[in-house]
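Chemist: just need the structure, nothing else, for what follows:
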Amino acid sequence: MLPLHFQPLRDQLYSVDELFAGFVESRPSSYAETVDFRIYREYVAAGRYEPTDYFTAMMQAVHDNAIREATQDYLKSASTKAAIAFMGGHDLPRNHPVYARVAFLARELARRRFLPVSGGGPGAMEATHLGALHQNATPAALTRALKKLGRFPEIPPNLQNIVAGDGTIDRRLVKKAHAWLLPAYRIRRRITNPGESLAIPTWLYGHEPTTVLSTRVAKYFQNSVREDRLLAVATHGVIYVEGRAGTLQEIFQDAAQNYYRVLGDFSPMIFFGTRQWTDTLPIVPVLQRLFKPEDFERYVCTTDDPKTILKFLDRHSGEETPAQRMVRCRRA
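Modeler: Model (predicted):
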């Protein structure tokens, strides 16, 4: 039986302060001393998604169920209940134009009282929380933050080797992860009156630092449970940014839930990047054949224009009648 560095029975979500307790700006090795990293190290040593110890496996399941319930409690009490999820590539550089567009879009959604949600990792996910964080700040402040992050644009390579199967830590990679995380950590620590957002990451991808820019974190051990909950909470829509295999998996899972009305209604699907989703990875034509014509016209939007997304989501916020919410999203 292995010792546990996590609390199985939780009555609330994680905060960034809790997960990153032990992180010191001036000490690169301190990243390995954070609560988040220690739990990940334990997770790897226990067998990752197939724990060899029955007690650990059972406690992980208890933990994930507690996180699920805590998420529901949080959404019931959150000041912004209309959750909008952003999904996209984890390898989107911080200095990429799409990263900035996601950040500004998330800021505008937060200002409209939506709750931005993401998978809690780097790339488009991090941009989501950066924008939400600046809900009460000026656009110029967000631009300055983007510039600071852009000095460390890409997540360090080979972080999947940061912890070996026996729990051994690669100290060189720890320092690189610390350096990449540091500018975001400083932005989070220095901003006043931060905007609210929810991150839903997993220790399956724990080698990638959890974003420090969210206000609440629902972190899971089982990625399948996490994926299901991420889509389930996004009752007011999912915005798909540039991505590859992981994003495709989420699209088809979302499509299946919508097709069968698993969660009771159709959650709008927004494809941010016309060429990406109609040419490079032509998902939209598939969905057009899959969904009923009236559902596709009403609930699916493909565009390159953030303003079109804002109008589309505003019309699906429940303030108008079903007839008024019939939206045709002009395709570029």
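
Chemist: pull up the gap between residue 293 and residue 300, please.
Modeler: Separation of residue 293 from residue 300 (C-beta to C-beta, to the nearest Å): 11 Å. Where C-beta positions appear, they are placed from N, C-alpha and C, glycine not excepted.

Chemist: what's downstream of the longest helix anywhere in the chain, the next helix or strand?
Modeler: Of all segments of type helix in the chain, defined using DSSP state H, the longest is helix 54-77. Remark: after helix 54-77, the chain's next helix or strand is strand 82-87, criterion DSSP states H and E.

Chemist: C-alpha coordinates for that next one, CSV please?
Modeler: What follows is strand 82-87 as a C-alpha-only set of coordinates in CSV (Å, rounded to 0.1, in the frame of the first residue of the first chain):
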residue,chain,number,x,y,z
ALA,A,82,-23.4,29.8,-18.3
ALA,A,83,-20.4,27.6,-18.9
ILE,A,84,-18.6,27.9,-22.2
ALA,A,85,-15.7,25.5,-22.9
PHE,A,86,-12.7,26.1,-25.1
MET,A,87,-11.0,23.1,-26.6
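
Chemist: tell me what the helix or strand that that strand is followed by is packed against?
Modeler: Sequence-wise, the next helix or strand downstream of strand 82-87 (DSSP H and E) is helix 97-111. Packing contacts for helix 97-111, counted by 3 or more C-beta pairs under 8 Å, 6 or more residues apart in numbering; DSSP states H and E, involve strand 82-87, strand 114-118, helix 124-133, helix 139-149, strand 269-272, helix 306-315.

Chemist: what average pLDDT does stretch 245-255 get?
Modeler: Across stretch 245-255, pLDDT averages out at 95.

Chemist: CA atoms of it as CSV?
Modeler: The C-alpha trace of stretch 245-255 is given here as CSV (Å, rounded to 0.1, in the frame of the first residue of the first chain):
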residue,chain,number,x,y,z
ALA,A,245,-6.2,14.0,-32.2
GLY,A,246,-7.3,15.1,-28.7
THR,A,247,-9.6,17.8,-30.1
LEU,A,248,-11.1,15.5,-32.7
GLN,A,249,-11.9,13.0,-29.9
GLU,A,250,-13.7,15.7,-28.0
ILE,A,251,-15.6,16.9,-31.1
PHE,A,252,-17.0,13.4,-31.8
GLN,A,253,-17.8,12.8,-28.2
ASP,A,254,-19.6,16.1,-28.0
ALA,A,255,-21.4,15.3,-31.3
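
Chemist: can you pull the buried residues of the longest helix of the chain?
Modeler: 56-57, 59-60, 63-64, 66-68, 70-71, 74-75 (16 or more other C-beta atoms under 10 Å).

Chemist: try stretch 97-115
Modeler: For stretch 97-115, by 16+ other C-beta under 10 Å, it's 98-110, 114-115.

Chemist: using PDB, write out every CA atom in that stretch.
Modeler: Below are the C-alpha coordinates for stretch 97-115, written out as PDB (Å, rounded to 0.1, in the frame of the first residue of the first chain):
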ATOM      1  CA  PRO A  97      -2.200  35.000 -33.300                       C
ATOM      2  CA  VAL A  98      -4.800  32.400 -32.500                       C
ATOM      3  CA  TYR A  99      -3.600  32.300 -28.900                       C
ATOM      4  CA  ALA A 100      -4.300  36.000 -28.600                       C
ATOM      5  CA  ARG A 101      -7.600  35.700 -30.300                       C
ATOM      6  CA  VAL A 102      -8.700  33.000 -27.900                       C
ATOM      7  CA  ALA A 103      -7.600  35.200 -24.900                       C
ATOM      8  CA  PHE A 104      -9.600  38.200 -26.100                       C
ATOM      9  CA  LEU A 105     -12.600  36.100 -26.900                       C
ATOM     10  CA  ALA A 106     -12.600  34.500 -23.500                       C
ATOM     11  CA  ARG A 107     -12.300  37.900 -21.900                       C
ATOM     12  CA  GLU A 108     -15.300  39.200 -23.800                       C
ATOM     13  CA  LEU A 109     -17.300  36.100 -22.800                       C
ATOM     14  CA  ALA A 110     -16.400  36.500 -19.200                       C
ATOM     15  CA  ARG A 111     -17.500  40.200 -19.400                       C
ATOM     16  CA  ARG A 112     -20.900  38.900 -20.600                       C
ATOM     17  CA  ARG A 113     -21.200  36.700 -17.500                       C
ATOM     18  CA  PHE A 114     -20.300  33.400 -19.200                       C
ATOM     19  CA  LEU A 115     -18.000  31.100 -17.300                       C
END
